[in-house]
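Asker: turn this into a structure:
(2 chains)
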Protein chains: 2
Amino acid sequence: MQELEERILKDGIVKPGNVLKVDAFLNHQCDVELFDHMGAAWAEHFRDAGINKILTIEASGIGIACVAARHFGNIPVVFAKKAQSINLDGDQYVSTVFSFTKQREFPVIVSRKYLSAEDRVLILDDFLANGKALQGLIDICDHAGATVAGIGIAIEKGFQGGGDALREAGYDLDSLAIVDAMDPVDGSISFRK
Amino acid sequence: MQELEERILKDGIVKPGNVLKVDAFLNHQCDVELFDHMGAAWAEHFRDAGINKILTIEASGIGIACVAARHFGNIPVVFAKKAQSINLDGDQYVSTVFSFTKQREFPVIVSRKYLSAEDRVLILDDFLANGKALQGLIDICDHAGATVAGIGIAIEKGFQGGGDALREAGYDLDSLAIVDAMDPVDGSISFRK
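Answerer: Coordinates of the predicted model:
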């Protein structure tokens, strides 16, 4: 998606340790018009996938998913939680993943009420690197018997391999920008064609 | 807002300990069409407030804020973070608040880049009970020299007093549903007129 690639080049900052900071528009300050265009792009890609629910994970995925849902006929968005809360009941699907950005393990929790074998799910998230968080969401869909009908990602760090592993496993993965190389010294970023 | 009150009566569950579970449509599964109508209601209430930025806090506020932003001309949404992350730089506004639902203290963090004295801010969140989380966001606006031009809340638990304290302090607070009493035994919920 050209608009997203241009925005990454304009406002993204490459940091040591494979970190691409896009907090100016994606995961701290949010450009909701860009989110809307991202949603339109995913709706076009997945138009024949029969999607009836969007699944994402707190926190950065939520805004993207809620704005994108409009392009899928305002279907429900479910966001997985990363911690237990008194707002969650006992009856849950739970998986465990390791966060690259937080450098620790955390649970991925979805109430059983909101995911079932009837669901054809589009998983959405802001970033895909090694794919650990996504795998947690896929595990939860598998536990529920739901179909992962597609995966939409804003920015895939292609050089970390998680996206290609998911494609090889047969998932329909639509990453709107795939970064194949980035350099914290000169700040350069190159995208997959 | 009649639609929200009716939805709370239909799908909200009163639990012991002043807990109102609305995870069916507000803070786990999200009804984005309802969010859109909530955004329209706030846009009507705050139409003359000169708002140029929306501030919320992860996680449940993000979807509501991003959908609402469309009704304010797609102005930027900034969501405060509750934990440090390698995605955050050193230069931050930080406040500390106590979470009723998580039963612990956490920091409220916003990068200085995304809030300034030029901003007229609408603070949005899903719930207002004692007002601790909101106070953290107000503190951060004060640190930045930004103007809190309004506060929009989906569900205020009126009997916990946080909302009335903010009104007495002079804030323009627009809560779309104010619960004045609820009973975990018979499940009844009554709203402020």
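Asker: sketch out the low-pLDDT regions of chain A for me.
Answerer: A:86-89, A:100-101 (pLDDT under 70).
Asker: is the residue positioned nearest the centre of chain A bridged to anything, and to what?
Answerer: In chain A, the centroid-proximal residue (C-alpha atoms, centre = their mean) is residue A:125; its distance is 1.4 Å. Counting by DSSP bridges, residue A:125 forms beta bridges with residue A:153.
Asker: pull the CA atoms of the helix or strand harbouring residue A:6 into PDB?
Answerer: Using DSSP states H and E, the element containing residue A:6 is helix A:2-11. Backbone C-alpha positions of helix A:2-11 (Å, rounded to 0.1, in the frame of the first residue of the first chain) are rendered in PDB as follows:
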ATOM      1  CA  GLN A   2       1.800   3.100  -1.300                       C
ATOM      2  CA  GLU A   3       0.300   5.500   1.200                       C
ATOM      3  CA  LEU A   4       1.500   3.500   4.200                       C
ATOM      4  CA  GLU A   5       5.000   2.900   2.700                       C
ATOM      5  CA  GLU A   6       5.300   6.700   2.100                       C
ATOM      6  CA  ARG A   7       4.200   7.400   5.600                       C
ATOM      7  CA  ILE A   8       6.700   5.000   7.100                       C
ATOM      8  CA  LEU A   9       9.500   6.700   5.000                       C
ATOM      9  CA  LYS A  10       8.300  10.100   6.200                       C
ATOM     10  CA  ASP A  11       7.600   9.500   9.900                       C
END
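Asker: which strands or helices does it pack on?
Answerer: Using 3 or more C-beta pairs under 8 Å, 6 or more residues apart in numbering or on different chains; DSSP states H and E, the elements in contact with helix A:2-11 are helix A:32-45, strand A:147-157, strand A:173-182, strand A:189-191. For glycine as for every other residue, the C-beta is placed from the backbone atoms N, C-alpha and C.
Asker: next structured bit after the first one?
Answerer: Toward the C-terminal end, the helix or strand that comes next after helix A:32-45 (DSSP H and E) is strand A:53-57.
Asker: would you mark the buried spots in that following strand?
Answerer: Within strand A:53-57, the residues scored as buried using 16 or more other C-beta atoms under 10 Å in any protein chain shown are A:53, A:54, A:55, A:56, A:57.
Asker: could you do stretch A:8-26 as well?
Answerer: For stretch A:8-26, by 16+ other C-beta under 10 Å, it's A:8, A:12, A:13, A:14, A:19, A:20, A:21, A:22, A:23, A:24, A:25, A:26.
Asker: partner residues bridging the fifth one?
Answerer: Note on residue A:19: beta-bridge partners by DSSP bridges are residue A:15.
Asker: could you measure it against residue A:179, distance?
Answerer: 11 Å (C-beta to C-beta, to the nearest Å).
Asker: same check, this time on the second one
Answerer: With distances defined as C-beta to C-beta, the gap from residue A:12 to residue A:179 amounts to 9 Å.
Asker: spit out the residues that contact those two alike.
Answerer: By C-beta atoms under 8 Å, 6 or more residues apart in numbering or on different chains, residue A:12 and residue A:179 have these common neighbours: A:20, A:189.
Asker: now do the contacts for residue A:121.
Answerer: A:51, A:53, A:54, A:55, A:115, A:141, A:146, A:147, A:148, A:149.
Asker: dump these to a markdown table, plus distance to residue A:32.
Answerer: Below are these laid out as a markdown table (distance: C-beta to C-beta, whole Å):
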| residue | distance to residue A:32 |
| --- | --- |
| A:51 | 21 |
| A:53 | 22 |
| A:54 | 16 |
| A:55 | 20 |
| A:115 | 26 |
| A:141 | 27 |
| A:146 | 28 |
| A:147 | 29 |
| A:148 | 26 |
| A:149 | 25 |
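Asker: residue B:120: which of these is nearest?
Answerer: When these are compared for distance to residue B:120 (C-beta to C-beta), residue A:54 comes out closest, at 32.0 Å.
Asker: report the separation between the closest one and residue B:56.
Answerer: 20 Å.
Asker: before we move on, what about residue A:45?
Answerer: In this view, residue A:45 and residue B:56 are 29 Å apart by C-beta to C-beta.
Asker: and what of residue A:115?
Answerer: Residue A:115 is 25 Å from residue B:56, by C-beta to C-beta.
Asker: what helix or strand is residue A:105 on?
Answerer: strand A:104-111.
Asker: return the set of residues that bridge with residue A:77.
Answerer: Here residue A:77, judged by DSSP bridges, has bridge partners residue A:54, residue B:30.
Asker: ok, it - contacts?
Answerer: Contacts of residue A:77 (C-beta under 8 Å, 6+ apart): A:53, A:54, A:55, A:56, A:62, A:65, A:66, A:69, B:29, B:30, B:32, B:63.
Asker: likewise for residue A:12?
Answerer: A:20, A:21, A:22, A:24, A:189.
Asker: kindly reformat those as TSV containing distance to chain B.
Answerer: Putting the contacts of residue A:12 into TSV (distance: C-beta to the nearest C-beta, whole Å) gives the following:
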residue	distance to chain B
A:20	9
A:21	6
A:22	9
A:24	7
A:189	16
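Asker: can those go into CSV with extra columns for distance to residue B:159?
Answerer: As requested, the contacts of residue A:12 are exported to CSV (distance: C-beta to C-beta, whole Å):
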residue, distance to residue B:159
A:20, 46
A:21, 43
A:22, 42
A:24, 40
A:189, 52
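Asker: pick the one among these closest to residue B:75.
Answerer: Distances from residue B:75 to those, taken as C-beta to C-beta, are shortest for residue A:24 (14.6 Å).
Asker: report the contact partners of that closest one.
Answerer: Contacts of residue A:24 (C-beta under 8 Å, 6+ apart): A:11, A:12, B:113, B:114.
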